[in-house]
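*Asks:* Structure, please.
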Amino acid sequence: QVQLVESGGGLVQTGDSLTLSCAASGLTFSTATMAWFRQVPGKERNFVAFISGRGSMIEYVDSVKGRFTISRDNAKNTMYLQMNNLKPEDTAVYYCAADPLPIPRGRLAHQYDYWGQGIQVTVSS
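*Replies:* Numbering: from 1, shown residues only. Modelled structure (predicted):
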């Protein structure tokens with residue numbers, strides 16, 4: 001059974017940094033596309049970034065380019081999201097997602113088969 005567990009969220013101030021981690025088990029991590037999504041109450045879950053199985057393909061939503069960095073450590077079955085220069089509009093529940101295919105299929109939530117429970121990130125102004 002696949003499990004994705006996020007950690008590292010919390011309350012920070014504008015301009016601060018935070019690193020999220022996603023520990024995976026139950027799937028062949030090194031060949032899975034991994035992604036981060038985020039969601040605010042009453043709105044749909046939105047794409048933040050994805051990284052291919054070998055880390056050679058990475059994409060970000062425009063609003064986080066230059067501030068967020070997605071990475072993975074296949075030896076540790078863990079994915080990361082380094083978030084710098086955080087803004088209040090980054091406040092959301094952040095979700096880790098996995099697609100067993102090594103090449104990313106896209107930025108839509110339904111293209112990912114497995115999800116973590118989500119972790120809150122709150123950026124105060």
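*Asks:* so what's residue 4 up against?
*Replies:* Residue 4 makes contacts with 22-24, 96-98, 114-116, as judged by C-beta atoms under 8 Å, 6 or more residues apart in numbering. C-beta here means a position set from N, CA and C on the backbone, and glycine is covered the same way.
*Asks:* could you measure it against residue 50, distance?
*Replies:* Applying C-beta to C-beta, to the nearest Å, the value for residue 4 to residue 50 is 14 Å.
*Asks:* Kindly report the same for residue 13.
*Replies:* With C-beta to C-beta as the criterion, residue 13 and residue 50 are 28 Å apart.
*Asks:* The two: which is more packed in?
*Replies:* residue 50 (25 against 11; other C-beta atoms under 10 Å).
*Asks:* Look up which residues are beta-bridged to that one.
*Replies:* Assessed by DSSP bridges, residue 50 has beta-bridge partners residue 35, residue 59.
*Asks:* Thought residue 37 was touching it, still the case?
*Replies:* No: between residue 50 and residue 37 there is no contact, the gap being 9.4 Å when judged by C-beta atoms under 8 Å.
*Asks:* Show the contacting residues for the closest residue to residue 8 other than its chain neighbours.
*Replies:* Excluding the flanking residues, the one nearest residue 8 by C-beta to C-beta, 6 or more residues apart in numbering is residue 20, at 4.4 Å. Listed by C-beta under 8 Å, 6+ apart, the contact partners of residue 20 are 6-9, 36, 80-81, 83, 94, 96, 119, 121.
*Asks:* so which helix or strand takes in residue 20?
*Replies:* Using DSSP states H and E, residue 20 maps to strand 18-25.
*Asks:* where's residue 92 relative to residue 74, distance?
*Replies:* In terms of C-beta to C-beta, residue 92 sits 27 Å off from residue 74.
*Asks:* Name the residue in those two with the higher neighbour count.
*Replies:* residue 92 (22 against 16).
*Asks:* Now do the same contact list for the residue nearest to the more buried one when sequence neighbours are not counted.
*Replies:* With sequence-adjacent residues excluded and distances taken as C-beta to C-beta, 6+ apart, residue 92 is closest to residue 38, at 3.8 Å. Going by C-beta under 8 Å, 6+ apart, residue 38 touches 45-46, 48, 90, 92-95, 121.
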